[in-house]
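*Asks:* model the structure of this input:
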Amino acid sequence: MVKSAERVAIALQFLANNPSGPSYSDLQRGLDLPKSSLHALLDTLVSTRLASFDEDTKRYALGPLVWELAMAFSNQLQIVPLALPHLERLGATFGETVQLAILDHTEVVYVAKTTSRHPIQLVSNVGTRLPAYATGLGKALLACLSEEQIERLYPNPVLERFTADTVATIPQLIEELETTRRRGYATDRGEYSLGIHCIAVPIVTAANVPKAAISISIPGQRYIQYDEQTLVEAIVSEAYSVAGKLGALNPDSWRHPTSSQPDFPSV
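*Replies:* You can find the predicted model right below:
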């Protein structure tokens with residue numbers, strides 16, 4: 001084992017286990033290193049952005065590069081193979097179109113789907129991009145962000161309308177996202193495609209970071225035949241099962257975003 005690499009790993013673990021921010025003295029006691037070695041180690045960690053140092057409090061913390069590496073690791077987890085059996089189970093249960101999407105800036109990108117067995121159905125394709133605010137999947141993912149992040153994402157307060165039911169302004173969108181968090185799922189009632197109703201739920205990772213969302217899409221004339229709560233319970237169960245496979249300890253964490261959390265990673 002390379003001693004210097006081992007020390008880096010141990011130091012990062014120590015910082016992770018002390019989120020309040022250890023001082024130099026705390027690190028010296030915790031790592032049991034000579035002063036000269038500890039100084040060099042901390043200087044290297046800070047210069048490489050693996051750690052950060054607050055000049056005011058004189059305390060250390062994990063640096064932004066740790067987050068970037070964690071996101072890279074998360075992105076390497078293949079969401080489609082993990083989620084596809086769950087999409088297929090929903091499709092087999094209800095016979096409707098089930099889709100998986102990720103968020104890229106202000107658009108949702110469809111990455112997997114199962115096709116409805118009915119002749120009248122939503123027409124969509126993997127790879128399609130749609131405006132997030134006008135879709136159930138997009139609103140499920142946007143609900144994972146704080147109000148401040150939404151306002152940064154949409155500097156123009158007026159939104160393009162695709163149907164009479166499309167959210168038209170950022171204040172309306174923020175209100176809709178608050179409703180989404182409160183009830184635990186997003187809806188789209190013909191806001192992009194007339195006559196199509198959707199229910200969507202986000203999937204979070206081990207770090208409680210939103211990874212994707214699952215939706216079920218049903219034409220309005222069939223939607224009224226379903227009990228909405230039955231649909232909601234089924235899709236929440238499958239979405240949270242996928243989150244569990246990604247290591248999420250609290251799949252419901254998306255309902256409580258904070259302004260201090262990192263911005264949603266783009267694909």
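*Asks:* separation between the closest residue to residue 22 other than its chain neighbours and residue 31?
*Replies:* Here the nearest residue to residue 22 in space, its sequence neighbours aside, is residue 60; by CB to CB, 6 or more residues apart in numbering that works out to 5.9 Å. For glycine as for every other residue, the C-beta is placed from the backbone atoms N, C-alpha and C. Applying CB to CB, to the nearest Å, the value for residue 60 to residue 31 is 11 Å.
*Asks:* residue 256 now?
*Replies:* In terms of CB to CB, residue 256 sits 34 Å off from residue 31.
*Asks:* what of residue 210?
*Replies:* 34 Å.
*Asks:* neighbour count winner among those two?
*Replies:* Neighbours were counted for residue 210 and for residue 31 using other CB atoms under 10 Å; residue 210 has more, 24 against 17.
*Asks:* any idea what the more buried one is bridged to?
*Replies:* residue 204 (DSSP bridges).
*Asks:* can you show me the strands along this structure?
*Replies:* Along the chain, counting by DSSP state E, strands occupy 51-54, 59-62, 97-104, 107-114, 129-131, 186-189, 196-204, 210-219.
*Asks:* next one: the second one to chain centre, how far?
*Replies:* Same thing as strand 59-62. Centroid separation between strand 59-62 and its chain, computed with CA atoms, centre = their mean, to the nearest Å, is 25 Å.
*Asks:* what is that strand packed up against?
*Replies:* For strand 59-62, the packing partners by 3 or more CB pairs under 8 Å, 6 or more residues apart in numbering; DSSP states H and E come out as helix 3-17, strand 51-54.
*Asks:* I'd like the ones you listed as TSV, with mean neighbour count appended.
*Replies:* Shown next, in TSV, are the helices and strands packed on strand 59-62 (neighbours: other CB atoms under 10 Å):
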stretch	mean neighbour count
helix 3-17	14
strand 51-54	17
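*Asks:* now these as a markdown table including distance to residue 139?
*Replies:* What follows is the helices and strands packed on strand 59-62, written out as a markdown table (distance: least, CB to CB, whole Å):
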| stretch | distance to residue 139 |
| --- | --- |
| helix 3-17 | 33 |
| strand 51-54 | 34 |
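*Asks:* go through the ones you listed and find the least confident stretch.
*Replies:* Among the helices and strands packed on strand 59-62, helix 3-17 carries the lowest mean pLDDT, a mean of 90.
*Asks:* I'd like to know which elements that one is packed against.
*Replies:* Short answer (3+ CB pairs under 8 Å, 6+ apart): helix 3-17 packs on helix 24-31, helix 35-47, strand 51-54, strand 59-62.
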